[in-house]
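Chemist: Have a look at this prediction, sequence included:
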Amino acid sequence: TQLLEQSPQFLSIQEGENLTVYCNSSSVFSSLQWYRQEPGEGPVLLVTVVTGGEVKKLKRLTFQFGDARKDSSLHITAAQPGDTGLYLCAGGVKTSYDKVIFGPGTSLSVIP
Amino acid sequence: DTGVSQDPRHKITKRGQNVTFRCDPISEHNRLYWYRQTLGQGPEFLTYFQNEAQLEKSRLLSDRFSAERPKGSFSTLEIQRTEQGDSAMYLCASSLGGRGYEQYFGPGTRLTVT
């Protein structure tokens, strides 16, 4: 069974601080997605990484896929209150269809 | 492109009643997924459609659950004889063949079984 773990589970920081959240597995994934979810809403896709070692930047967010494609990190620079939400990583699994396994998420709160 | 829509957004029902949820995917997406999410957890896969064919069902999908996508467009998820354990957020997502891992989610239907 392929599982994704995320750490930390909860994170509360002051506006302007930097932070990193992690997504780890013992399994290899063909791709890794990061989503942000706000309370009462569905997840919103932020980025997809597919190549081991790949780094993608989205404004103040930097995403990295581990060399072995088993882990990923999300770094936020100068966090803002609008960054508050649940950050979910999701791993793509090669099956008969494009199966995606979700981690439990990191709940981020950025305090003004 | 209006995104994925779901209806209703909230449903409160009594234990034992049947409920049906609807999902309208992004129009050109041929793949549709249903997930269930409980508090503090990530979405858990329930079932997958490619066009009108239901190709995969999770073991989480008991006999009380049924899903359809009759014309390869919108989909419905029905829960019969609801139980309190069915209380959760039900999420629908769609994707395009070839980029199936990139799934676009609707706002979800929050089900509360009393």
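Modeler: All right, it came through fine.
Chemist: Low-confidence stretches in the chain?
Modeler: Here I'm looking at chain A. A:1 (pLDDT under 70).
Chemist: I was thinking of chain B, sorry if that wasn't clear
Modeler: In chain B, residues with pLDDT under 70: B:1.
Chemist: Can you show me the strands along it?
Modeler: B:5-7, B:10-13, B:19-24, B:31-37, B:44-50, B:53-57, B:65-68, B:75-79, B:88-95, B:104-105, B:109-113 (DSSP state E).
Chemist: possible to save those as a markdown table with distance to A:Tyr87 and mean neighbour count?
Modeler: Quick note: C-beta positions are derived from backbone N, CA and C, even for glycine. Below are the strands of chain B laid out as a markdown table (distance: least, C-beta to C-beta, whole Å; neighbours: other C-beta atoms under 10 Å in any protein chain shown):
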| stretch | distance to A:Tyr87 | mean neighbour count |
| --- | --- | --- |
| strand B:5-7 | 22 | 17 |
| strand B:10-13 | 25 | 14 |
| strand B:19-24 | 24 | 19 |
| strand B:31-37 | 14 | 24 |
| strand B:44-50 | 17 | 20 |
| strand B:53-57 | 26 | 14 |
| strand B:65-68 | 28 | 17 |
| strand B:75-79 | 26 | 19 |
| strand B:88-95 | 16 | 24 |
| strand B:104-105 | 14 | 22 |
| strand B:109-113 | 21 | 18 |
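Chemist: mind checking which of the ones you listed is nearest chain A?
Modeler: strand B:104-105 (3.4 Å; C-beta to the nearest C-beta).
Chemist: Can you tell me which helices and strands that closest one packs against?
Modeler: strand A:44-49, strand B:88-95 (3 or more C-beta pairs under 8 Å, 6 or more residues apart in numbering or on different chains; DSSP states H and E).
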